[in-house]
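Colleague: Following is a predicted model, sequence given first.
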Amino acid sequence: MFRSFQMESGGSAVPLVLMHYEWRTSLLYPEGLADTEILKDSERWQWWPLIVNEGACMTVRRADAIRFGGFDEHPSYRGYLCGPYDLGWRLINAGWPEVWHNEAVALWHFAHPDPIGTNGQRASLKQLLEKAHPHVNGHALTAVEAFSTGRFQPLRENPDIWALRMRDRRIGSELETRYADLTGQSGYSPWAVWSLWLSLAKEITGRYLEDRIWSPFRKGIVSLLGTRVAGRLRAMYQDRILRSAFSQSPSGFKGISQTSPFPSGS
């Protein structure tokens, strides 16, 4: 293990997705097993040839597992399906190299009740219903799709993993800190997004009306009345607006601009 991650000289582990082979059999786990040497008895045990079982057993660095969201907790992974390759494949998508461990180091995998039928067992309806979501040749559809599309973050991240990952961020400017923790893991609510869409519509409509209708109309009025008359009207209405605003509050409004409410030149 240390050799695979290049840690023999005491250095830090290198980024890696280390896959492990498995010895598999249709026989059940033996009772009272005390020595793995017994499992090498070819007359008693019939082990299948070593096969590539994509990521059902693997080793990755803890920091890498956190950085890419840990195991996906999306509901589509519930039921009878393999597991860890979801994270392994996403790490590979992010550029981590995939290496298969030495065949001399493999796991012993005994049969277990399964609804697939590979062990020649008759499955009950309860076992069959464990296949709760679609799969691709026994692999979770969501994992295969993530691998094929290049996605490297989970669809549903564990909250604790999310907190660890966010804690490791290094934000480089004061400006960005305004947005770094604005929403939390759940993101904006539908109501907040709808409000922003409404604000955008008002912004676009207001800008369009200002440029195409109100501004030409205002310029036409100034041309009709003349600059001097328009200036007097502007000054008169400005004073009335300010007096009206301050009369509504004994202390006045904070932050009211003393400039004309009309653009200069109008």
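Modeller: Thanks, I have the structure now. Numbering: from 1, shown residues only.

Colleague: C-alpha only now, for contacts and for neighbours.
Modeller: Noted.

Colleague: what are the ranges of the helices in this structure?
Modeller: Along the chain, counting by DSSP state H, helices occupy 62-67, 85-93, 125-128, 141-149, 159-167, 174-180, 190-209, 215-225, 227-247.

Colleague: among those helices, which is the most enclosed?
Modeller: Of the helices of the chain, the one with the most neighbours on average (mean count of other C-alpha atoms under 10 Å) is helix 85-93, at a mean of 24.

Colleague: what residues does that one touch?
Modeller: Residues outside helix 85-93 that contact it (C-alpha atoms under 8 Å, 6 or more residues apart in numbering) are 17, 54-58, 60, 64-65, 68, 70-72, 98, 143, 146-147, 150-153.

Colleague: same deal with stretch 18-36?
Modeller: With contact meaning C-alpha under 8 Å, 6+ apart, stretch 18-36 is reached by 4, 45-55, 57-60, 98-103, 105-112, 119-120.

Colleague: Repeat the analysis, applying 7 Å as the threshold.
Modeller: Applying C-alpha atoms under 7 Å, 6 or more residues apart in numbering, the contact partners of stretch 18-36 are 46-48, 50-53, 55, 57-60, 98-101, 103, 106-112, 119.

Colleague: Point out where the stretch 1-150 of the chain drops to low pLDDT.
Modeller: Within the stretch 1-150 of the chain, the stretches with pLDDT under 70 are 54-55, 80-83, 112-121.

Colleague: on that earlier part again, comparing the helices of the chain, which gets the lowest mean pLDDT score?
Modeller: Here these differ in mean pLDDT, and the lowest is helix 227-247 at a mean of 67.

Colleague: quick one on the thing from earlier: filter the contacts of helix 85-93 down to the buried ones.
Modeller: 17, 54-58, 60, 64-65, 68, 70-72, 98, 143, 146-147, 151-153 (16 or more other C-alpha atoms under 10 Å).

Colleague: and G187, how many neighbours does it have?
Modeller: Neighbour count of G187, defined by other C-alpha atoms under 10 Å: 11.

Colleague: For it, give me the pLDDT.
Modeller: At G187, the model reports a pLDDT of 91.

Colleague: Need phi/psi at it.
Modeller: Dihedral angles of G187 (phi, psi; degrees, to the nearest 10) stand at phi 80, psi -170.

Colleague: distance of it from R167?
Modeller: 17 Å (C-alpha to C-alpha, to the nearest Å).

Colleague: hang on, the earlier thing: give the buried subset of the contacts of stretch 18-36 as a ChimeraX selection command.
Modeller: Command for ChimeraX that selects the buried part of those, burial taken from 16+ other C-alpha under 10 Å:
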select :47,55,57,58,59,60,98,101,109
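
Colleague: Show only the entries of the contacts of stretch 18-36 found in strands.
Modeller: The strands, defined by DSSP state E, take in M58, T59, E98, V99, W100, A106, L107, W108, H109 from the contacts of stretch 18-36.

Colleague: Go through those and name the one nearest G220.
Modeller: If you rank the ones in strands among the contacts of stretch 18-36 by distance to G220 using C-alpha to C-alpha, E98 comes first, at 71.5 Å.

Colleague: so that closest one makes contact with F5?
Modeller: No. Counting by C-alpha atoms under 7 Å, E98 does not reach F5; the two are 11.6 Å apart.

Colleague: which residues are in contact with both of those two?
Modeller: Here E98 and F5 have L16 as joint contacts, going by C-alpha under 7 Å, 6+ apart.

Colleague: quick revisit: CSV for the helices of the chain, including distance to W23?
Modeller: Shown next, in CSV, are those (distance: least, C-alpha to C-alpha, whole Å):
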stretch, distance to W23
helix 62-67, 26
helix 85-93, 18
helix 125-128, 24
helix 141-149, 24
helix 159-167, 32
helix 174-180, 47
helix 190-209, 50
helix 215-225, 79
helix 227-247, 83
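
Colleague: Okay, domains of the chain per the record?
Modeller: Listed domain ranges for the chain are 17-156, 190-247 (source: automatic domain parsing).

Colleague: Out of those domains, which is closest to G11?
Modeller: Closest approach to G11 among the domains of the chain (C-alpha to C-alpha): domain 17-156, 13.5 Å.
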